[in-house]
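got a sequence here, can you build the structure:
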Amino acid sequence: MALIEGKPAPDFKLPSTSGKDVLLSDFKKKKNVVLYFYPKDDTPGCTQEACDFRDSLKQVSRYKAEVFGVSADSLVAHQKFQKKYGLPFELLSDEGKDAIQKYGVWKEKSMYGRKYMGIERTTFVINQKGKIVKIFPKVKVTGHIEQVLEVLKGLS
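This next block holds a predicted model:
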């Protein structure tokens, strides 16, 4: 079932680069959440997206929001990626694809005529009530952070 704006965000519990598990429901009534799903650590588009969130984190924080990046990469890969680019937010490892499936971002993709399954770059903005206020499917990295900040601004 596809997720829709205005409905509750599916809860999940995933290991993070801090060594602690992150439970989405822990942020209810506390913070807005920017949950961005990305295909792979240390690839050009994913690196640009992560660095854009890094560079805009002060603005994101002004809107009482927390950023989490999610991919199926291992915690070790996430930690290397986080350290290499100085990412000040948690990356969540979903090797079992639990949250990836719940959020409907595991899709058939195509490259050079070859079809395969992978993560479709997608961002969810979740408010303090745990509701999805905005879904950005098939994210184009350039200009995406500005779109996210505009949505967060509307929540404050």
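
what residues sit buried inside the lowest-mean-pLDDT helix or strand in the chain?
Confidence across the helices and strands of the chain bottoms out at strand 106-111, with a mean of 89, counting by mean pLDDT, DSSP states H and E. By neighbour count, with 16 or more other CB atoms under 10 Å as the criterion, the buried positions of strand 106-111 are W106. The C-beta positions use only the backbone N, C-alpha and C, and glycine is treated the same way.

adjacent strands (with direction) for it?
Its sheet considered, strand 106-111 pairs with strand 114-119 (antiparallel) by DSSP bridges.

CA atoms of the partner strand as PDB?
C-alpha atoms of strand 114-119 as PDB (Å, rounded to 0.1, in the frame of the first residue of the first chain):
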ATOM      1  CA  ARG A 114      19.200  -3.700 -17.300                       C
ATOM      2  CA  LYS A 115      16.400  -4.000 -14.700                       C
ATOM      3  CA  TYR A 116      17.100  -4.400 -11.000                       C
ATOM      4  CA  MET A 117      15.700  -3.700  -7.600                       C
ATOM      5  CA  GLY A 118      16.900  -0.800  -5.600                       C
ATOM      6  CA  ILE A 119      16.000   2.200  -3.500                       C
END
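
quick check: which element contains the most centrally placed residue in the chain?
In the chain, the residue lying closest to the centroid (CA atoms, centre = their mean) is Y36, at 1.6 Å. Remark: Y36 resides in strand 32-37, with elements defined by DSSP states H and E.

any idea where the helices of the protein begin and end?
Residue ranges of the helices in the chain, as given by DSSP state H, are 44-55, 57-62, 75-85, 98-102, 144-155.

pull out the buried residues from the shortest one.
When you say that, I think you mean helix 98-102. Within helix 98-102, the residues that count as buried by 16+ other CB under 10 Å are 99-100, 102.

which other helices and strands contact it?
Other helices and strands packing on helix 98-102, by 3 or more CB pairs under 8 Å, 6 or more residues apart in numbering; DSSP states H and E, are absent; none qualifies.

remind me which residues of this structure are low pLDDT?
Applying pLDDT under 70 to the predicted model, the residue ranges of the chain that meet it are 1.
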